[in-house]
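Q: below are the sequence and a predicted model; questions follow.
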Amino acid sequence: MIVEQMMKKNVLTLQPSNTIKDAITILDKNRIRHIPITNEIGTVIGIVTDRDIKKATPSLLMKDQDQQHNFLDTEIVEIMTKNPMIGHPLDFVEEVAIIFYEQKIGCLPIVSGGQLVGIVTETDLLYKYIELTGAHQPGSHIEVRVPNRAGVLFEVSKVFYEHKINVLSVLVYPDSQNDDNKILVFRVKTMNPLRIIEDLRKEGFDVLWPNIPGMTI
């Protein structure tokens with residue numbers, strides 16, 4: 001999946017001459033946490049977040065009203081993160097997720113032809129993961145340890161096919177105990193996977209989850 005398929009396209013922006021008060025108003029009114037800052041030709045030059053504002057806010061112990069007023073009138077160029085990382089609409093979502101993880105950022109402006117065309121946030125990535133794995137749909141979670149060889153996914157999938165069970169998603173990750181194996185994680189559209197598990201074991205597959213002692217059919 002590419003970023004263009006999941007990014008938010010109607011992005012609220014401010015310019016560096018806007019004030020902290022302007023930023024607070026937009027954040028609160030629209031229940032968002034990030035605002036890209038663009039110049040007069042629409043180029044992204046910064047990011048302001050709710051965290052930036054909290055860090056810059058004078059202590060509540062200070063009762064000087066003039067100081068509070070001056071703070072709200074401060075231009076956001078003074079507190080924004082300048083020259084933020086940006087993405088492109090054709091970037092792969094997996095690559096963007098790595099950027100979020102390695103750079104510890106909360107959002108990524110998406111730019112094409114020098115212009116802001118969208119934004120992706122960590123919440124967007126989390127929801128997309130939930131959507132892709134089918135975790136938001138009723139179903140069961142099954143983990144199977146298999147040999148790391150060609151065709152094994154097809155062999156396991158035949159068991160689901162024979163039970164006429166719809167597979168919502170499949171994830172593959174390494175077996176931490178043996179490099180010669182892989183762990184297949186299935187999300188299947190059934191609330192009672194016991195007979196599937198029984199047949200997977202009959203076919204010689206190691207079902208890791210569910211693995212309840214004394215479980216019977």
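A: Yep, that arrived. Numbering: from 1, shown residues only.
Q: strands of this structure, start to end?
A: Using DSSP state E, the strands of the chain run over 34-38, 44-49, 81-82, 107-112, 115-121, 140-147, 167-174, 181-188, 206-209.
Q: now render those strands as CSV, adding mean pLDDT.
A: CSV is the format used below for the strands of the chain (pLDDT from 0 to 100):
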stretch, mean pLDDT
strand 34-38, 98
strand 44-49, 97
strand 81-82, 95
strand 107-112, 97
strand 115-121, 96
strand 140-147, 95
strand 167-174, 93
strand 181-188, 96
strand 206-209, 94
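Q: will you turn those strands into JSON lines that also has mean neighbour count and distance to residue 194?
A: Heads up, the C-betas are built off the backbone N, CA and C, glycines and all. Listed next are the strands of the chain as JSON lines, based on neighbours: other CB atoms under 10 Å; distance: least, CB to CB, whole Å:
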{"stretch": "strand 34-38", "mean neighbour count": "24", "distance to residue 194": "46"}
{"stretch": "strand 44-49", "mean neighbour count": "22", "distance to residue 194": "48"}
{"stretch": "strand 81-82", "mean neighbour count": "12", "distance to residue 194": "52"}
{"stretch": "strand 107-112", "mean neighbour count": "22", "distance to residue 194": "43"}
{"stretch": "strand 115-121", "mean neighbour count": "20", "distance to residue 194": "40"}
{"stretch": "strand 140-147", "mean neighbour count": "18", "distance to residue 194": "9"}
{"stretch": "strand 167-174", "mean neighbour count": "14", "distance to residue 194": "17"}
{"stretch": "strand 181-188", "mean neighbour count": "19", "distance to residue 194": "12"}
{"stretch": "strand 206-209", "mean neighbour count": "14", "distance to residue 194": "11"}
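Q: now render those strands as CSV, adding distance to residue 100.
A: Shown next, in CSV, are the strands of the chain (distance: least, CB to CB, whole Å):
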stretch, distance to residue 100
strand 34-38, 12
strand 44-49, 14
strand 81-82, 15
strand 107-112, 7
strand 115-121, 8
strand 140-147, 25
strand 167-174, 19
strand 181-188, 22
strand 206-209, 28
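Q: compare those and give me the one nearest residue 15.
A: Closest of the strands of the chain to residue 15 is strand 34-38, at 6.4 Å (criterion: CB to CB).
Q: what about the residue positioned nearest the centre of the chain, distance to residue 92?
A: Most central in the chain under CA atoms, centre = their mean is residue 125, positioned 1.7 Å from the mean C-alpha point. Using CB to CB, to the nearest Å, residue 125 is found at 12 Å from residue 92.
Q: hmm, the residue nearest to the centre of the chain is touching residue 97, no?
A: Yes. Under the criterion of CB atoms under 8 Å, residue 125 makes contact with residue 97 at 5.6 Å.
Q: check contacts around the spatially closest residue to residue 192 that is not a sequence neighbour.
A: Closest residue to residue 192 apart from its sequence neighbours, by CB to CB, 6 or more residues apart in numbering: residue 140 at 7.6 Å. Applying CB atoms under 8 Å, 6 or more residues apart in numbering to residue 140 gives the contacts 187, 188, 190, 191, 192, 193, 210.
Q: tell me the domain boundaries of the protein?
A: For the chain, automatic domain parsing gives the domain ranges 3-130, 137-209.
Q: before we move on, the earlier item: and the contacts of residue 140, which two are the farthest apart?
A: Once CB to CB is applied, the contacts of residue 140 give 187 and 192 as the farthest pair, at 14.6 Å.
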